[in-house]
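Got a sequence here, can you build the structure:
(2 chains)
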Amino acid sequence: MPNYFRKSIKRQFLYILFFVLLATMIGIAAFFYMHYSTNKQYENERNVLVEKRGVLQNIKSDFSDMVFHMRGYALYTNDQERQNAENSHISLEDNLAKLRTFDLSLQERENLARLQSFEAIYWDTYYPELQEAIESDNLQVITGDVADERIDEINGILRVTENLRQHNEDAVTELHDEFMRDNTWESYMLFLFVLLIFGILLFFNRQFTRNIGKPLYDLSNASYDVAQGKNVTIAPLERNDEIGILSDAFRDMTKRIRNREQNLSEKNTKLTEQQEQLESFVNDLRNLNWALNESSMVIVLDNKGIVTQVNENFSSISLYPEKELIGRSLLGIIAHEENTTDIRTVFPELFKGHAWSGTLEHLKKDGSSYWVHATIVPYSDEDKVIEQLIVIEQDITRIVETEKMLRDSLRETEETKQGIERMNRMNNTLSVTMEKQALLDTIMKELAALYRYDHGVIFMTETPEWAAIGIAKQFEEPVAAHFQTVIQRLEGNPEPFILERQADKGEAGYRENGICEDLHIPVQNSAGELVAVFICTRFQRPFHESEQRELNWILRRLSLFLDKIESYELTEYNRQLNQDIIDNVNEGIQFVSNTGELLQYNANWQAYLQLDAVQSRRDACNEYTSWMEYSSVYIENKEEYETYVKQAIFEGEQPAGGLRLRVSGMQNKILLLYHVSIKRHDEKIGTLFVYRDITAEYEVDQMKSNLVSTVSHELRTPLASVLGYTELMITKDLKPERQARYLQTIHQEATRLTNLINDFLDLQRMEAGKEEYVKEKQPFTPIVEQVIENFQSTNTNHNLVLQQNSAYDHVSVDRDKMIQVLTNLFSNAIKFSPEGGDVVVSVQQQEHQLYVHISDEGIGIPDQELGRLFQKFNRLDNSSSRKIGGTGLGLAICKEIVEAHDGKIMVRSAEGEGSVFSIVLPLVEADKHFQSEVECGRQIILLEDDRSLALLLEDELKDAGFDVSRFITGEALIKQLPYLKPAAFVIDLMLGEGLDGWDVIHEIKQHRELKQIPIFISSAIQEMDKAKHYQINHYLIKPYPPNKLSTVILQSILQHGNKGFIAFKKE
Amino acid sequence: MARILVADDEEVLRMLITDTLEEEGHEIENAVDGNEALQKMQSEIYDLVILDNMMPGKTGIEVAQSLSADWKRKCPIIMLTAKTQQADIEETKRVGIPYYMAKPFSPAQLILLVEDILNA
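Below you'll find the predicted structure:
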């Protein structure tokens, strides 16, 4: 708040004024209130006194009246008087009562009490006495002394009333005096108050003068000093009001003024320097002007283009005297038409204030012209109005003339160059083009550019190629007909000719004169036959003799190119033919130059050496080291190969005979390599290598030699026994039991020999296709039952079981041969499970085929043996199997028999687990009711997220006669579980995200119908404890051969049926 | 009196040779395949080994190849073979076995050959 007032003088002033006014008002108001209340009080008191005086007056008169009338009654005993006296009495009592209500002094109260007591005595004592006296008519009683005494008393009372009145008068007078005194005192007070206000006003006035006047005075002094140019400093005022601001502003102002003065003086110095510079410029300009006048022509024009001034230089060159020039228009001197129009277009720009410069042609007085380089500068006055144009010119006549000559010669050179370039380009294109069509297109386009004909066509007479420019793509009939006549004419007379004709409307187009020329030129090959015709047309521009000659020459060259293309095509055709021939030869062929470069080869060479994967045919690098490297990738005897090839190519030596190459890779091959030197004119030009595929011969050879040695071994071993023991018996003296043993052995070995020979002959006959089969349509199961019966009688160690899962099992077979097969397989199953166990045969139908599985729990077959199990003399190569014996031909015979029935025989086995042999035979007339039971018990649920593995397992399981439903996620399988009734589950444990295999197994085991179904785990991890918990049938640890899975599934199902067998294999 | 190892996978032949040579008073041991033969030859000392060529596990030729030249010098080996081609005989010689007998053979011949070798 104080700040608010401190900031403004006006506010301070108003504040004080308000304060004084307020004080004055309050003072006056107080004074008037006092005055008013004094008057009021006086009036009140006076009214009371007046009223009291009235009452006292009444009392006095009433009292007088009462006494007066009572005396009248006493005197006259007049009742009227008595009545009046009583009325006065009542009035007196009223007034007394009134008087008592007033504020009374002590003396007045005493007087009043005396009045009242008298009144009481008067009415209570005197009045009854008087009444009694009157009634008794004894008035004397009350006359005399009594009357005197009483009159005194009444007079005394009358004096009292008078006293009261007097007293009242005094009080009134005193009141008035006091009032007058009060008034006087109030007047004094008012006067004093006014004085006080004046004093306060005076005090504030003085304060103001000191606070405002003094600083203002200082400031005005300072500003006067500043105006006088004196350097002034004033102390800052610590104030916030206008004066404070004024003082600060003043200080700033003085500071700024000082700075500005300083700047001004600096600028002044600079200005002086500039002026000096300007003067030197002016000097220079004067010199320049002189130089300009010496070297250039200067013309000054007014703003209408009229010459007002020229220098000597101009008049001496133009040959006009100065006088003749002044007053003429500039356009008049620039007589040349082109340039005159040119300069006119420049004028508007000039009048906008832009300078112009360019080349002008002037006329001399003698009429000849000269060239100048002119610069026109507009010159404006202060109001920017163009007053003058100044033209400065240099004579450049010689330069212009030289330039013109140069330009002409340059254009000519350029044209020639373009023509040559075009010709060159055409030649280049033609010489590299190996296609007729491209050749014709090129020549048509290039010649059109060179000779500017409007349209043209070139066409081959023998082959369909043609090219055209400026005409529609397809020839119309009449045109084609015209071509025929042209060909005929040119064949007769092979000279170029020109036809002049009226152009068609469509052809001529906008041209009025429709004359056009068709130039016809024949193209002949080296044999002089017409091979192509060139026709071109020009409107209005006839062909020059020279152009004709040129065209003719060019087209003669074209015939050379055509010849070249023809021979190239022929060569290419022959080359292709040769390539086709050598590609279709059964041998691989490779031709190598003397430097080792690979010149040619055929497809078989690549195929035999399996080069597809290494290098593709054309982008192979043909250097010796390169092809040697990539071609020998799959050759096993690489070093021999390299030596052989090296010698054949580089050294004169000719390695005798051929070389056998063993090639491995996608297929294994045996190649016979031999070479021939190719000679031309008795000079070796290269080496031809021939690769013959002898794989088949080699294999047959190999097999033959194997067979011979095997048969020889198989026959000689029993023979050795027979001979040996016989010899012992002959030469030695032996005990009878030993003799018996030897004889038994001899018999056994002789039987073996017989069996062997029988089997061998059987097989030979079968292989040669000479075996006769008596096929009859019959159910298969009875055959199996018969074989089982045969075995059961002699075999107690093994339990033979037949499981029939098929209602329909009709096949067309030779019963005896099938018995032979089954007997063989059963005896194998029994022989190879020396520890006993079940041999289960199942007969199942799968679509149109009958599957017969024979499963054992024997020693199994090692993986590496499986492949050649069905080959001749291929007995299991381990000691335990040797013990078992056999001819080694049984399975080969089985295979022959089954295949003769259009069937297949397969084996699945896991070493130590047992084997499953399967025969697949086609069902006959199996078209009626076999669908129904197919699905039941043949479905395998495969849960596997790895696609490639799943496909592998699926194939394998399908081969084994199962239907496979594959699931990728556990969730999907669990969803389907209620609808499934499979023969087995194959479950992978690791299934990526989501549920794993164990979750699925857990779920399966919750289903009452599914929990008996065998589960096979196929996993890379081994969690046997969990497996035991869930009673998992088999745990296959990845990686395992796919056939192991089908083996264990088949075994498990066949051996134990779908009876919910849950057990661990003996691992 | 010599200690002889007879290695042949055919039991009857093994028995024939054993009987024949035991009559002559030799001590005979048997091996049923190539692997067993090799293992016995390397762990025990014999005066002579009769080795069948066509054996499972390892052929007679392979067994001979596995043996050191020194071993073969100390202990003579007779190879029993069903093959009589010149090439097979040469192969036998090549792996360091100078003696062979072609099946079928006469026990008397065998006795003679054994005596010859042991007396040499």
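
make it CA atoms for all contacts and neighbour counts henceforth
Noted.

so where's the stretch 801-950 of chain A shaky on pLDDT?
Applying pLDDT under 70 to the stretch 801-950 of chain A picks out residues A:806, A:873-887, A:926-937.

Can you show me the helices along it?
A:815-831, A:863-866, A:879-884, A:890-900, A:947-959 (DSSP state H, counting those that start in this stretch).

And chain B, by the same measure?
B:11-23, B:34-43, B:60-66, B:69-74, B:86-94, B:107-119 (DSSP state H).

In a markdown table: those helices, plus distance to A:Leu980 and mean pLDDT.
As requested, those are arranged in a markdown table below (distance: least, C-alpha to C-alpha, whole Å; pLDDT from 0 to 100):
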| stretch | distance to A:Leu980 | mean pLDDT |
| --- | --- | --- |
| helix B:11-23 | 55 | 90 |
| helix B:34-43 | 52 | 90 |
| helix B:60-66 | 56 | 89 |
| helix B:69-74 | 68 | 85 |
| helix B:86-94 | 63 | 82 |
| helix B:107-119 | 70 | 90 |
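
Which one, of those helices, ends up nearest to A:Tyr641?
Using C-alpha to C-alpha as the measure, helix B:86-94 is the one of the helices of chain B that comes nearest A:Tyr641, at 25.9 Å.

Pull out the buried residues from the closest one.
Within helix B:86-94, the residues scored as buried using 16 or more other C-alpha atoms under 10 Å in any protein chain shown are B:Ile89, B:Thr92.

before we move on, back to that, out of the helices of the stretch 801-950 of chain A, indicate the one that is most buried.
Sort the helices of the stretch 801-950 of chain A by mean neighbour count, taking mean count of other C-alpha atoms under 10 Å in any protein chain shown, and helix A:890-900 sits at the top with a mean of 21.

which other helices and strands contact it?
In terms of contacts (3 or more C-alpha pairs under 8 Å, 6 or more residues apart in numbering or on different chains; DSSP states H and E), helix A:890-900 is packed against helix A:736-767, helix A:815-831, strand A:904-910.

and the angle for it with strand A:904-910?
Counting by axes from the mean of the first three to the mean of the last three C-alpha atoms, to 10 degrees, helix A:890-900 lies at 140 degrees to strand A:904-910.

Could you list the residues in contact with helix A:890-900?
Helix A:890-900 has contacts (C-alpha atoms under 8 Å, 6 or more residues apart in numbering or on different chains) with A:759, A:762-763, A:766-767, A:817-818, A:820-821, A:824-825, A:869-872, A:904-905, A:919, A:921.

that older thread, tabulate the helices and strands packed on helix A:890-900 (TSV), appending distance to A:Met703.
TSV is the format used below for the helices and strands packed on helix A:890-900 (distance: least, C-alpha to C-alpha, whole Å):
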stretch	distance to A:Met703
helix A:736-767	14
helix A:815-831	25
strand A:904-910	22
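
The ones you listed: which one's closest to A:Pro348?
Comparing those against A:Pro348 with C-alpha to C-alpha, the closest turns out to be strand A:904-910 (109.5 Å).

quick one: the closest one to chain centroid distance?
Here the centre of strand A:904-910 is set off from its chain's centre by 57 Å, with C-alpha atoms, centre = their mean, to the nearest Å.

what angle do that strand and helix A:947-959 make?
Using the same axes, to 10 degrees, strand A:904-910 lies at 120 degrees relative to helix A:947-959.

With respect to A:Thr687, which of the helices of chain B lies nearest?
Closest to A:Thr687 of those, according to C-alpha to C-alpha: helix B:86-94, at 35.9 Å.

What residues does chain B have near chain A?
B:9-10, B:12-13, B:16, B:20, B:32-33, B:54, B:56-57, B:81-83, B:103-107 (C-alpha under 8 Å from any C-alpha of the partner chain).

so A:Val633 is in which element?
Using DSSP states H and E, A:Val633 sits within no helix or strand.

Many thanks, have a good one.
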